[in-house]
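Visitor: Just a sequence and a predicted model for now, questions to come.
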Amino acid sequence: MVEEITNIVRAETGAGSMEERLEKSGLVLDSEVVEKVLKRCFKVPQLALRFFSWVKFRNGSCHTTRTYNTMLYIAGEAKDFGLVEKLIGEMEEKGCEKDIKTWTILISHYGKAKLIGKALLILEKTRESSCEPDVAAYISLIHSLCNAQKANIALEFYKEMVQMEMQLDMSLYKLLLTCLAGCGDIAGFRSVSDDMIKGSQIPERDPDDFETLVKGLCKADRITDAVEIVDIMKKRKVLDAETHGISGYLRRNDIPRAFDLLQTMTESGYVPTVSTYTELMQHLFRLNEYQKGCKLYVEMLERGVEPDSVAITSMVAGHVRQNRISEAWKVFNSMQERGLRPTWKSYSVFIKELSKISRTDEIIKVLNEMQASEIVIGDEIFDWIISYLEKKGETEMVQKVMQMQRTCKLYPQEHKASGNNVPKRPAHNLDLNSNRLELGRMDFHLVEHIPKTNNNQDLQEICRILSTSTGWCLIEEALERCTVQFTPQLVVKILRNCSLHVHAALCFFSWVGKRDGYSHTTETYNMGIKILGCGKNFKDMKMLFFEMRRKGHPITPDTWTIMIMLYRRAGLTEIALRNFAEMKADNCKPNGSTYKYLIICLCGRKGRKEDEAIKLFQEMIRAGYVPDKELVETNLKCLCQAGKLLDGRRCIEFLCKLGFTIPLSYSLYIRALCQAGRLEEALALVDEVGTERVKLDQYIFGSLVHGLLRRGRLKEALEKVDSMKQVGIHPTVHVYSSLIVHFFKEKQMEKALETFQEMKEEGCKPTIVTYSALIRGHMDMGNIVDAWNVFRLIQREGPFPDFKTYSMFISSLCKVGKSEEALQLLSEMSDSGIVPSSINFRTVMFGLNTEGKHSLASTVLQKKLALKSKRTL
């Protein structure tokens, strides 16, 4: 019944008004049903109020304290305090008793709106009634007072809580301490700190809390406080805390004191960690203290501290900056001697440092080394090198690197046989891929004659077979003729590289699993599950999962995480939650990635469940996992859009507790507020930071300017830009892009183009977002030729168009009657390796039909069906 009534209330269209449809339904309501319907309508307060009013006039007895509480909450979230007062008046008129939840809702929402006087008045009324304020009411009020920087009043209510022996959590202590410190109330700060320790909020049995506090203080540049905590830690012998003190001094660029602390550590018998040595070396190299950095590296080795890939890469960068290339290679190659494998990041740093001293020959050497090590190079490094070579004017080398880039994608565009006419490349370092290029041009009947020299060649051979035939029979024949020795590692690589060809990839998975001498592993099953889920074949995905379990392969957290991630992409929130529950029931402990993707799923627009996201975020922290920046941004954005600003506050308190700096934590929250259109709350939050304001301004500069421009407050935005320039902070690409979008929106094309020109002159490199804004702006102004010119420019020189750019341009072309050009763009999108969405196809097809080009519209449908056949079983 609840579902049926909710559908009637929230239906956008229908015969007659909502009230008429409710009357015709003949459904009998009670207070419990009314409350549940209202809760499902809290995001549409106008509809909730209409339903509430209809119930009141039809059957007033259905309204109870619980239904009024729900409506009060909805009105408070919408900041409709006129309605809040009206509802309170109705409760009094009808003799509907207010319970503690009623008062807590009122205190919370008036506090959120910074109506502190009103919130305090409500608290007094609570006391005058038969209800006594509970923990939730006090916590809500203290949060509001701290947010409004009313530290003295907040402290008084905190004392009341202590006297009544109410349970306080760490987040409340942290918020109150931050507020007291910001207001300069040292006595209050010490009093609360003592209570926190007495209350075992930093228990001796859990040293992780000490470490978190020390890290947070150091990152917040509160070194004196951190040192005091360190002294306590040393006395209690619960952690080697000097390490975090060194990090704190380095953040303040106080190198001498950092080294003094290092010396104290070593003299006391402590051995610094590899990360401490690495951080010190990096700072020395940045200050051009090359000899000291090398000496420190030698000292680290002599003390028996085993370097990791990050430490070795830092040393490589130091040598390269001094143009000591042979020493750099010697240190770099020492990774393998120590049993370490250079990472993608290690190679990337090596290449970028070499480009700074214009060593093209060495860059190519690193690139070849990277490919020989089976590292996926990726477009980012290729694009960096191509850009560097173009600036150097080395056009011939640019072409060779671009050819290498195309070859590495493993999807050659030419599939016809060349026989013996395939031209051989001249001897050059890049030519180690020449066999790979020839292989991509051979017919299937030549496969068995190809000499195999390494695993990469096997990989390309199988990928070519799977990607160049449409029928499984032909593919199977070619696979039977090849002499590749399949291993689980090779199969994983094949499946990953052929993931777009879902049908062929899954048939290969089944075929290779039946071969003598080969057996699938957990990793190969995980990849198969991922491919099926990406093609939205969830039924077959689950069947493969059950097969994996049936055959006795370990079900790891990664297996569950992959399925949760895939359900998240499809917006199937409930199924993702069920899988999470099954995972726990299966005694499989979630890892950091599991929490991350499930929380992102719960925060999505489709199937959003912010309350569940909040619980899981807290559970993740308790489990000892630190959220990354992407997860924090997603979580805060969801909370701000849902109006749960108190939970947003708690989130940044968690971040500070985990060691995020105060400027970074606040900047993430302020950015989320700006994105949610809550500019006033964001601006008010800026003033709370105090001494960290200068650093915070650097982080939030772009977000505030963007928020002001969205509200049409151009003058204030430009004043903000000027004020930041005066203190030496130059506009970022985010700021310039926001200004360009705004000027085009206001039909000020000259201003937009002037801003773009200024951006380039200031050395600020435009991103794909900037170019997308230019393309959209030109299209909105009717300058189709100019839009195409910009698009062709980024196709040639980068940054290359992404899915959003293609989709925006396609939609814009169809809107102005240029659907045939959009069809051309759709083909280019597919050719560039970006898979068009159903909406892309539908937009072009609708546009062509509207323009009367029905035959072309049918070709779009054929393209869509052809793509679908590749991606389904």
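Guide: All right, it came through fine.

Visitor: which residues touch the most centrally placed residue in the chain?
Guide: What sits nearest the mean C-alpha location of the chain, by C-alpha atoms, centre = their mean, is Glu630, with 2.4 Å. Listed by C-beta atoms under 8 Å, 6 or more residues apart in numbering, the contact set of Glu630 reads 596, 600. In this view, the C-beta of every residue, glycine as well, is placed from N, C-alpha and C.

Visitor: And for Asn840?
Guide: 806-807, 810, 826, 829.

Visitor: 6 Å instead, please
Guide: With contact set as C-beta atoms under 6 Å, 6 or more residues apart in numbering, Asn840 has these partners: 807, 810.

Visitor: Now it: phi and psi?
Guide: phi -60, psi -50 (degrees, to the nearest 10).

Visitor: per-residue confidence at it?
Guide: With respect to pLDDT, Asn840 scores 89.

Visitor: Just the helices from the stretch 301-450 of the chain, written as ranges.
Guide: In the stretch 301-450 of the chain, the segments counted as helices under DSSP state H, counting those that start in this stretch are 309-321, 325-337, 344-356, 360-372, 378-392, 395-408, 434-439.

Visitor: After the last one, which helix or strand is next? Please name it.
Guide: Tracing the chain past helix 434-439, the next element assigned as helix or strand by DSSP states H and E is helix 455-468.

Visitor: Mind giving me the packing neighbours of that next one?
Guide: Counting contacts by 3 or more C-beta pairs under 6 Å, 6 or more residues apart in numbering; DSSP states H and E, helix 455-468 packs against helix 488-497.

Visitor: ok and the helix it packs on relative to helix 455-468, angle-wise?
Guide: 40 degrees (axes from the mean of the first three to the mean of the last three C-alpha atoms, to 10 degrees).

Visitor: For helix 488-497, give the mean pLDDT please.
Guide: Computed over helix 488-497, the average pLDDT equals 87.

Visitor: Show me what that helix is packed up against.
Guide: Contacts defined by 3+ C-beta pairs under 6 Å, 6+ apart place helix 488-497 against helix 455-468, helix 522-534.

Visitor: can you list the weak-confidence ranges in the stretch 351-500 of the chain?
Guide: For the stretch 351-500 of the chain, applying pLDDT under 70 flags the ranges 392-393, 395, 406-455, 468-470.

Visitor: let's see 50
Guide: 410-454 (pLDDT under 50).

Visitor: What about Asp383, how many residues nearby?
Guide: As a burial measure, Asp383 scores 16 neighbours (other C-beta atoms under 10 Å).

Visitor: Same check on the one 4 residues further on?
Guide: Using other C-beta under 10 Å, Ser387 has 16 neighbouring residues.

Visitor: re earlier: now the residue nearest to the centre of the chain: how far from Ala75?
Guide: 34 Å (C-beta to C-beta, to the nearest Å).

Visitor: How about Leu636?
Guide: If you measure Leu636 against Ala75 using C-beta to C-beta, the figure is 24 Å.

Visitor: Met281 too?
Guide: Met281 sits 58 Å away from Ala75, taking C-beta to C-beta as the criterion.

Visitor: and if you look at Val785?
Guide: Val785 is 52 Å from Ala75, where distance means C-beta to C-beta.

Visitor: so where's the stretch 51-200 of the chain uncertain?
Guide: Those would be 200, if you go by pLDDT under 50 across the stretch 51-200 of the chain.

Visitor: What segments of it are strands?
Guide: Ranges of strands in the stretch 51-200 of the chain, per DSSP state E, counting those that start in this stretch: none exist.

Visitor: mind listing the helices in it by residue range?
Guide: Listed in chain order, the helices of the stretch 51-200 of the chain (DSSP H, counting those that start in this stretch) span 65-77, 81-93, 100-112, 116-128, 135-147, 151-163, 170-182, 186-198.
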